[in-house]
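Asks: What would the 3D arrangement of this be:
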Amino acid sequence: MKRVMIVGQPGAGKSTLARQLGARTGLPVVHIDHIHWTPGWVEREREEKFAMMRAAERKESWIIEGGLSATWDTRLARADTVIVLDLPLALRLWRLLKRRVEFAGGQTRPDLPDNCPERFDAEFLKWVWDTRHSNRVRNRAVADQAGPGVRTVVLTSPRAVQRFLRDLDSGAVAGH
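Replies: Sure thing, here's the model as predicted:
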């Protein structure tokens, strides 16, 4: 395991899993939100995002978590492991609300650039709701598109995530 691609919908636990895997494997973690956004929730220009993403993908080892689906093809071509987090909507909504409370008062999560306080507004909730089926299908398709020799893991519950991490710790899942 040298190049790990993690995808999932909001609140699925992509950033948390990436940090946990990074701590266990020593692989560097790339949060797509650091590429997509600049401080103050300002979106980077498309060309700049793509250049940053390509530079990250070219590295020898990485854990890249998050969207920017326009670059999934090149990321997938380099990945040796693909993890899809496909957790239930109710759990993800609960986690998003919990995250909003945890980072209240203008705090910024570690997987976001500075000055990007947690958002949990009607527009974001509508997007989560409206894309719950289409994004699930797109995320699952990533695992189906992985080439031969690419380990694909679809995790559908917190228990499955913990089991995956335990297996990694015990050597049942090859590390790096």
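Asks: Bridge partners for the residue nearest to Arg44 when sequence neighbours are not counted, pull those for me.
Replies: Nearest residue to Arg44, sequence neighbours excluded (CB to CB, 6 or more residues apart in numbering): Thr38, at 5.9 Å. The C-beta positions use only the backbone N, C-alpha and C, and glycine is treated the same way. Beta-bridge partners for Thr38, by DSSP bridges, are Val42.
Asks: So Thr38 is in contact with Leu112, correct?
Replies: No - the criterion here is CB atoms under 8 Å, and Thr38 misses it with Leu112 at 10.5 Å.
Asks: the more surrounded of the two?
Replies: Comparing Thr38 with Leu112 by other CB atoms under 10 Å, the one with more neighbours is Leu112, at 21 against 16.
Asks: measure the more buried one to Asp121 for me?
Replies: 16 Å (CB to CB, to the nearest Å).
Asks: Which residues are in contact with Arg19?
Replies: Val29, Pro110, Asp111 (CB atoms under 8 Å, 6 or more residues apart in numbering).
Asks: what about it, distance to Ile63?
Replies: From Arg19 across to Ile63, the span is 9 Å (CB to CB).
Asks: Could you do Ser170 as well?
Replies: Counting by CB to CB, the gap from Ser170 to Ile63 is 20 Å.
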